[in-house]
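K.L.:
Coordinates for the following, if possible.
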Amino acid sequence: AVAADSGTQACVMAPTGVLARQYADKTGPLLSQAGMNWALLTGATPAAERVQIHARLQSGELDVLFGTHAVLSENVTFKHLSLVVIDEQHRFGVGQRNALRAKGPGADLLVMTATPIPRTLALSVYGDLDTSIIRHRPVPGAGVTTRVLTESSRDLAYGAIREAHAQGQQAYVICPLVEPSDSADELEDGRVTVPVPLHDTATELDRLRLALPGLTIERLHGRMPAGEKDQVIDAFKRGEIDVLVSTTVVEVGVDVPNATVMVIENGERFGLAALHQLRGRVGRGSVPGTCLVMTHSKGNG
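P.N.:
Residues are numbered from 1 along each chain as shown. Presented below is the predicted three-dimensional model:
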């Protein structure tokens, strides 16, 4: 708003179309009420609309641009960019962040993350960065309880999904792979080599439809066309889907307070930052969330 009042422009870049769209849906109406012009630019933006956005940016008609990596295109030029906001900055490379800032020489930079990587921490301590910490959620959530389960306890995970559904709530099932794969890690169990099956969204969708009859179960992954992804996410938000089988594409930007259970398959395949982000998708409303991390690992980590 300050940038617009000064006759300059602001750009907010997010790592996924889901998150960029959430910015537009929740912040855009506030800007419109204040008399500011804004637009959303992602990979799913139609070509004709994209050309219009480019022209409005160059003329200065647009005050605020929300977008994904699409804003890094050479065709995206600003009349006077004075504020760059990069959300989930750990998801972008240094070159990408610098490329956006270069579109507005001298522009102020705000980077945000809930999972600061070592480089970000180092810059915060030793670099030329002022740090602000948001210690509380704008709307207090009920919190999340996290448990680690082995394959022998899978019935507990399915039971949690059934119980949530019985109470009118929804669930996520997260897989590390999109499609079936022949590759597998190997764990040494004494002198016996045990192959570790990796869960994929396609196989898991079929398995869950058999294990949880009567529930509406769909899948979501990054290879789907942007429009199809939006349709699935919107249906999940409306409560038309009971269980969403997904990859880490839901890691950021998906806000469904009615989702209270998350089952993460092959939990040992994900980093701590990813697990932290994923479990933050549940417990966002008034009902406490449950995150069940399935693992074949025999370790104590």
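K.L.:
got any ranges where this structure has weak pLDDT?
P.N.:
Applying pLDDT under 70 to the chain flags residues 138-142, 181-195, 298-301.
K.L.:
after the lengthiest helix in it, next one along is what?
P.N.:
Looking across the chain with DSSP state H, the single longest helix is helix 17-33. Scanning forward in sequence from helix 17-33 by DSSP states H and E, the next helix or strand is strand 38-41.
K.L.:
Export that following strand to PDB, keeping only CA atoms.
P.N.:
Output of strand 38-41 as PDB, limited to C-alpha atoms (Å, rounded to 0.1, in the frame of the first residue of the first chain):
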ATOM      1  CA  TRP A  38      -3.300  -5.600  -8.800                       C
ATOM      2  CA  ALA A  39      -2.900  -8.800 -10.900                       C
ATOM      3  CA  LEU A  40      -2.000 -12.500 -10.600                       C
ATOM      4  CA  LEU A  41       0.700 -13.900 -12.900                       C
END
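K.L.:
pull the CA atoms of the next helix or strand after that strand into PDB?
P.N.:
Downstream of strand 38-41, the first helix or strand assigned by DSSP H and E is helix 47-59. C-alpha atoms of helix 47-59 as PDB (Å, rounded to 0.1, in the frame of the first residue of the first chain):
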ATOM      1  CA  ALA A  47      -1.600 -15.800 -23.000                       C
ATOM      2  CA  ALA A  48      -3.900 -12.900 -23.800                       C
ATOM      3  CA  GLU A  49      -4.200 -12.000 -20.100                       C
ATOM      4  CA  ARG A  50      -0.500 -12.300 -19.700                       C
ATOM      5  CA  VAL A  51       0.100  -9.700 -22.500                       C
ATOM      6  CA  GLN A  52      -2.300  -7.300 -20.800                       C
ATOM      7  CA  ILE A  53      -0.500  -7.700 -17.500                       C
ATOM      8  CA  HIS A  54       2.800  -7.000 -19.100                       C
ATOM      9  CA  ALA A  55       1.500  -3.800 -20.700                       C
ATOM     10  CA  ARG A  56      -0.200  -2.600 -17.500                       C
ATOM     11  CA  LEU A  57       3.000  -3.200 -15.500                       C
ATOM     12  CA  GLN A  58       5.100  -1.200 -18.000                       C
ATOM     13  CA  SER A  59       2.700   1.700 -18.000                       C
END
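K.L.:
From Ala274, how far off is Val293?
P.N.:
Distance of Val293 to Ala274, given as Cβ to Cβ, to the nearest Å: 11 Å. The C-beta positions use only the backbone N, C-alpha and C, and glycine is treated the same way.
K.L.:
Give me the more crowded residue out of the two.
P.N.:
Shown here are Val293 and Ala274; by other Cβ atoms under 10 Å, Val293 has more neighbours (21 against 17).
K.L.:
Can you spell out which residues form a bridge with the more buried one?
P.N.:
Beta-bridge pairing for Val293 (DSSP bridges): Val148, Ile264.
K.L.:
quick one: contacts for it?
P.N.:
For Val293, the contact set (Cβ atoms under 8 Å, 6 or more residues apart in numbering) comprises Thr146, Arg147, Val148, Leu149, Ile264, Gly267, Leu275.
K.L.:
which of the residues in stretch 235-254 are buried?
P.N.:
Neighbour-count burial for stretch 235-254 flags 236-237, 241-254 (criterion: 16 or more other Cβ atoms under 10 Å).
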